[in-house]
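Enquirer: test case, fold it:
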Amino acid sequence: MNAAPSWPAAEAFQDLAGVTQITDGRVRCVAAALCDGAGQAARSFAMGDTAHFYLEFEVLQRIGVPSAGIEFHTPAGVVVHGKNSYQSNGALPPAVKPGSRLRFHQSITLAVAPGEYAFSAGLATADEAAYRAYAADTLGHGQFAPEVLCRVVDVAAFSVTFDPKQKLSHHGIADLPGASRCEVVAPSLGIPFLRPRAATPERSNAPVVVHVTHWKAGSQWIHKILNHCAPELVVPPRLRQDQFLYWPIQGGKVYPTVYLTKPQYDAVALPPGSRRFVVIRDLRDTLASAYFSMKISHPISETGLVDLRATLSALSMEDGMLYLMDHWLPGCAAVQTSWLDAGEAVVRYEDLLENDLEILEPLLLDRCGLPVERARLRAAVADCRFQKLTAGRERGEEDIAAHERKGVAGDWTNHFTPRIKRAFKSRFGGLLVASGYEQDLDW
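Expert: Residues are numbered from 1 along each chain as shown. So this is what the prediction gives:
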């Protein structure tokens, strides 16, 4: 594990003014930093690197045994890892007086999948006798009930990339301890070895075409169009982007709905001549669409959505959208930001709604070299328009239980309260301007 300084320099700490902090008034977080092993502020780590988290709390009223905790999660809100001082077996003071400052340093080895993450932090307190019993294993977790004094939500986002050798150490979110062995044995009982299936020949005369986007930006619509006109070329999307990140790239194939930032995309070895196109959507409509999808209409394809749906069902619409804004939308924003910062030409979902064929025909056939006849693409686009997919329902006619809910741009204006607007502007207002959806923050 990397060594790290006992406390970083002041410039390593971030401004907490725009970070949501929930406190009962007894303590408040006054400093937070995420650093590498040299104590320098860091937002990108390779798989297996050690991240160092530093927190400082001001104690305003007397508290018992303190415990600081760190947890980090995916953009969809799936908690990957969390640990607090009570679980770390370190020395803790029996009580803390008002006016004191508490400093915590926690290191975590990031043996996790490449991707985007965000971390939250908190401080809790417990009665000294209860903590001693818990530490001595005479009081179980169910009976040990510390009070949460302060929670700092999504202190900072960070990314995990491949190691310098571009190797993948494991599949899935986290790396778990274990062992593996292999031995060669002769066939027995007359059972022959299985012959490997012949590999599918590559289409060397056509480029790989990749549709890069973020969630709720019309990705399934584009997927349907590609499936209609070239089903034999489409590589079916998989959870966690496995088909693109971890499987061999198939020459001449089409990869729809690839939800990746540019650094994640660039880490994949693609054949020469590969083409891509990037589709983005107004993040305000992205948020509104995600709220109804995740709460009502999206099929349950992973366990994280079960918990997220339960959370949204227990909240008001306003609080639910604010929750998604903090725990889910940053992943979409990271995708947009990375491609815009790279100067990538992007296609806006809103423009596709109004001029689908006029945009897609030159984009897919001329720029990306999709080996499909123009008449076939035009028929696919017509068959996948909103009215066809909804058995005649016009765009703007809402069905909150359907995946094709409304089919219009600007629906966010029907759902954003003043509170949601303020929160959105503080978090993503600059990105709205950078992506061309607003001229300034006066909306």
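Enquirer: going forward, measure contacts between C-alpha atoms and count neighbours the same way
Expert: Will do.
Enquirer: now for the helix or strand of the chain with the lowest mean pLDDT, which elements pack on it?
Expert: Among the secondary structure pieces of the chain, namely its helices and strands, helix 386-389 has the lowest mean (mean pLDDT, DSSP states H and E), a mean of 75. For helix 386-389, the contact count by 3 or more C-alpha pairs under 8 Å, 6 or more residues apart in numbering; DSSP states H and E identifies no helix or strand as a packing neighbour.
Enquirer: list the buried residues in that helix.
Expert: Buried residues in helix 386-389, counting neighbours by 16 or more other C-alpha atoms under 10 Å, are found at residue 386.
Enquirer: just the buried positions in stretch 166-173, please.
Expert: Applying a neighbour-count criterion of 16+ other C-alpha under 10 Å, one finds residue 173 buried in stretch 166-173.
Enquirer: what sits up against that stretch?
Expert: Residues from elsewhere that reach stretch 166-173, judged by C-alpha atoms under 8 Å, 6 or more residues apart in numbering: 47, 80, 112-113, 162, 175, 267.
Enquirer: the least confident helix or strand of the chain: what's the following helix or strand?
Expert: Proceeding C-terminally, helix 386-389 gives way to helix 418-434 as the next helix or strand, assigned by DSSP states H and E.
Enquirer: picking that back up, identify, from the contacts of stretch 166-173, the entry nearest to residue 229.
Expert: Of all these, residue 229 sits closest to residue 267, with 29.3 Å by C-alpha to C-alpha.
Enquirer: for the closest one, grab the count of nearby residues.
Expert: Residue 267: 13 surrounding residues under other C-alpha atoms under 10 Å.
Enquirer: residue 340: which element?
Expert: Using DSSP H and E, residue 340 sits within helix 329-341.
Enquirer: so for the longest strand along the chain, what gets flagged as buried?
Expert: For the chain, the strand that runs over the most residues, judged by DSSP state E, is strand 147-161. By neighbour count on 16+ other C-alpha under 10 Å, the buried set for strand 147-161 is 148-161.
Enquirer: identify the residues contacting residue 286.
Expert: For residue 286, the set of contacting residues under the criterion of C-alpha under 8 Å, 6+ apart consists of 215-217.
Enquirer: quick one: which of those is nearest to residue 139?
Expert: Sorting the contacts of residue 286 by distance to residue 139 puts residue 215 at the head of the list, at 44.1 Å, by C-alpha to C-alpha.
Enquirer: give me every residue that touches the nearest residue to residue 82 once chain neighbours are set aside.
Expert: Closest residue to residue 82 apart from its sequence neighbours, by C-alpha to C-alpha, 6 or more residues apart in numbering: residue 71 at 3.9 Å. Contacts here follow C-alpha under 8 Å, 6+ apart; on that basis residue 71 touches 79-83, 119-121.
Enquirer: just the CA coordinates for the helix or strand where residue 71 lies, please, in PDB.
Expert: According to DSSP H and E, residue 71 maps onto strand 65-73. Taking C-alpha atoms only, strand 65-73 is exported to PDB below (Å, rounded to 0.1, in the frame of the first residue of the first chain):
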ATOM      1  CA  VAL A  65     -16.800   8.000  20.300                       C
ATOM      2  CA  PRO A  66     -16.400   9.400  16.800                       C
ATOM      3  CA  SER A  67     -16.300   7.400  13.500                       C
ATOM      4  CA  ALA A  68     -15.700   8.800  10.000                       C
ATOM      5  CA  GLY A  69     -16.800   6.800   7.100                       C
ATOM      6  CA  ILE A  70     -16.100   6.700   3.300                       C
ATOM      7  CA  GLU A  71     -18.300   5.000   0.700                       C
ATOM      8  CA  PHE A  72     -18.000   5.200  -3.100                       C
ATOM      9  CA  HIS A  73     -20.600   4.300  -5.700                       C
END
